[in-house]
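Colleague: Need a 3D model of the sequence below.
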Amino acid sequence: MVSISALWIPILVSAVVVFIASAILHMVLPWHKGDSRQLPDEAKVLDALRAAGVTPGRSYRFPYCTMKEMKSPETAEKFKRGPVGMVTILPSGPPAMGKYLGLWFAFCILTSVIVGCFAGITHGPGAEHHEIFHFFAVTAFLAYGYGQLVDSIWKGQTWGVTLKHVFDGAIYALLTAETFSLFWPK
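Modeller: Presented below is the predicted three-dimensional model:
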C-alpha cells in the first residue's frame, strides 16, 4: 500500500501535464475547431431568447413535454415539425475563462488524487512500471474519456465530436499513466 502523501508529486505533475496537453489540443491544434457552429440568424434567436426571459444556469429542452404528454398526438407533431434540442444558458458577459480553466485544473488534480488513492490501495512501493501504467491508463480514462459518451447518448451531440473528446481523454489517461509510473515510489 502507498499513502496518498507519497503521491503528491505525481498527482501535481500529472495534473499540470494534462492541463497543458488539453490547452494544446483545444487552442493550438485545429482538432476541435469545428465542434460547434454559429446559429443561423443568431441576432434574431438571441433577441427571442432574451424576450422569453431565459435564466442563466438552466437547461431548456424543446419542445418541452412531460412523460404523460409525450404520447399525445400534439406533442408528437411538435417533435416531428422540429427543431428538437436543448440549450444551456450561461451567465451574460464574456466567458469566464479564468474560472473555467481553474475548475478544469482542479478537476485534473481531483482525478489524479482519486486514481492515486485506488492505485495506492492496490499496489505497493516498487510495483512494476507496466502494472502501474496499465492501472492508471484504465482508471484515468474512466474519468477523462469514458464519461464523454453520455453527451451523444442523452444530449444529441454528434458522435464525431464525442469521439474526439473520448480520444482527448485517452491522451490525458496515457499522460497520467506515464507520469505516475515514472514517479511511483520504489
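Colleague: Let me know the secondary structure of residue 2.
Modeller: Secondary structure assignment for residue 2 (DSSP: H, G, I helix; E, B strand; the rest coil): coil.
Colleague: for residue 61, same thing?
Modeller: strand.
Colleague: Got phi/psi on residue 87?
Modeller: phi -140, psi 140 (degrees, to the nearest 10).
Colleague: which residues does it bridge with?
Modeller: residue 60 (DSSP bridges).
Colleague: tell me the contacts of it?
Modeller: 49, 54, 59, 60, 62 (Cβ atoms under 8 Å, 6 or more residues apart in numbering). In this view, the C-beta of every residue, glycine as well, is placed from N, C-alpha and C.
Colleague: same check, this time on residue 6
Modeller: Residue 6 neighbours (Cβ under 8 Å, 6+ apart): 120, 125, 185.
Colleague: ditto for residue 153
Modeller: Per Cβ under 8 Å, 6+ apart, neighbours of residue 153: none.
Colleague: Report the separation between it and residue 34.
Modeller: Residue 153 sits 21 Å away from residue 34, going by Cβ to Cβ, to the nearest Å.
Colleague: now residue 70
Modeller: Taken as Cβ to Cβ, the span from residue 70 to residue 34 is 33 Å.
Colleague: Need the max-distance pair from the contacts of residue 87.
Modeller: Farthest apart among the contacts of residue 87 by Cβ to Cβ are 49 and 59. That separation is 13.2 Å.
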